[in-house]
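J.: Sequence and predicted structure below; questions after.
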Amino acid sequence: MIQPDIPNNTLLRRRRTVWLALSMTIVMDTIVQLCWKSAVGQVPDTIGLWHSVLSLLHEPLFHVALLVFFLQFFNWMIVLAHADLSYAQPITALSYVTVSGASVAIFHERLSPLRVVGLAMILLGVWVISRTNLRTAGMVPARYEEPFQPKAPR
Amino acid sequence: MSLRLMGLTFVTIAVLFEAVGQLAFKYGAERAHADVSKWGPFRRLWRNRSVAVGIVCFAAQAVLWTMALRLLDVSIAFPASSLCFVFVALLSKFWLQEQVGLERWIGLGFILGGVVLIGLS
């Protein structure tokens, strides 16, 4: 697709929007995972599957996870409106790193050396992808591409 | 069919559903974004068939994923789920005509390698 001539400051603004929303995505992903994990941890294993699902519904942390998951949808729509899917989706792999970090900090889990290498590779991959152009195709021209027109005074 | 093969089939189908769901979300987001009024994009999300398709795909993926986890060990299922990145990249390249160049593939390779190592550890 031929890129239209987009002014530099709109590109900068888009980059800022995308990265702000992507950071939110990763933070929210981490919150969902951690809340989910500790909510499941509260439920005793001894009861049957159906009862454990029911008791999960009473966990406050599970409610937090659901709420953040719902908000995540809107946030993700903002990301997708501005960035390529093949740019944004791999970057969400960063949440593997943040979840591992948070598990060490909160649950005092140990990281094996192999795991640290794996996390470093994910960081490297995300860095390589983040260097590419964040929007190379669009079905409809995004809002920022339209020339700015000041409103006529009434 | 062995249990493991069945589990891997479930994971593959789940991953395909997830990739198609992401694609549907992308369509929906682009459509909604075309609305230039202030709250228009958010209002548009509710009357968007692509978004509905995406949500159904994600629900199907969640069910399949739960079924797969009962058949497979997490150390196999978790790296297999990272196939999603590859499917999404292929779909974005050939369906959405995004420029998935060498740099993105190299980045994806690193991420996949990292996920496999985490699965092994």
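T.: Received it, and whenever you're ready, just let me know what you need.
J.: How many residues are close by A:His51?
T.: By the criterion of other CB atoms under 10 Å in any protein chain shown, A:His51 has 12 neighbours. Glycine gets a C-beta too; all of them are placed from N, C-alpha and C.
J.: now the longest helix anywhere in chain B, how far from the centre of its chain.
T.: Longest helix in chain B, counting residues (DSSP state H): helix B:3-33. Helix B:3-33 sits 4 Å away from the centroid of its parent chain (CA atoms, centre = their mean, to the nearest Å).
J.: now the helices: where do they sit in chain A?
T.: Counting by DSSP H, the helices of chain A are A:8-42, A:49-56, A:60-82, A:85-91, A:94-107, A:113-130.
J.: okay, those helices in CSV with distance to chain B and mean pLDDT next?
T.: Listed next are the helices of chain A as CSV, based on distance: least, CB to the nearest CB, whole Å; pLDDT from 0 to 100:
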stretch, distance to chain B, mean pLDDT
helix A:8-42, 11, 86
helix A:49-56, 10, 76
helix A:60-82, 4, 90
helix A:85-91, 4, 93
helix A:94-107, 7, 91
helix A:113-130, 3, 94
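J.: Rebuild those helices as JSON lines, extending it with distance to B:Ser121.
T.: Below are the helices of chain A laid out as JSON lines (distance: least, CB to CB, whole Å):
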{"stretch": "helix A:8-42", "distance to B:Ser121": "18"}
{"stretch": "helix A:49-56", "distance to B:Ser121": "28"}
{"stretch": "helix A:60-82", "distance to B:Ser121": "25"}
{"stretch": "helix A:85-91", "distance to B:Ser121": "21"}
{"stretch": "helix A:94-107", "distance to B:Ser121": "10"}
{"stretch": "helix A:113-130", "distance to B:Ser121": "4"}
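J.: The lowest-mean-pLDDT helix or strand in chain B near chain A at all?
T.: Of all helical and strand segments in chain B, the minimum by mean pLDDT, DSSP states H and E falls on helix B:40-46, at a mean of 74. Yes: under the criterion of CB under 8 Å from any CB of the partner chain, chain A is reached by helix B:40-46 at B:41-42, B:45.
J.: Of all residues in chain A, which one is nearest the centre?
T.: A:Thr25 (2.4 Å; CA atoms, centre = their mean).
J.: so who does that one touch?
T.: A:72, A:75-76, A:79, A:92, A:95 (CB atoms under 8 Å, 6 or more residues apart in numbering or on different chains).
J.: before we move on, the earlier item: which of the residues of helix B:40-46 next to chain A count as buried?
T.: B:41, B:45 (16 or more other CB atoms under 10 Å in any protein chain shown).
J.: neighbours around the closest residue to B:Thr12 other than its chain neighbours, how many?
T.: Of all residues not flanking B:Thr12 in the chain, B:Leu83 sits nearest, at 7.1 Å (CB to CB, 6 or more residues apart in numbering or on different chains). Using other CB under 10 Å, B:Leu83 has 18 other residues around it.
J.: With B:Val74 instead?
T.: That count, for B:Val74 with other CB under 10 Å as the rule, works out to 10.
J.: OK, contacts around it?
T.: B:Gly119.
J.: ditto for A:Pro90
T.: Contacts for A:Pro90 were tallied using CB under 8 Å, 6+ apart; they are A:125-126, A:129, B:85, B:88-89, B:104, B:107-108, B:111.
J.: can we see that at 10 Å?
T.: For A:Pro90, the contacting residues are A:122, A:125-126, A:128-130, B:82, B:84-86, B:88-89, B:104, B:107-108, B:110-112, by CB atoms under 10 Å, 6 or more residues apart in numbering or on different chains.
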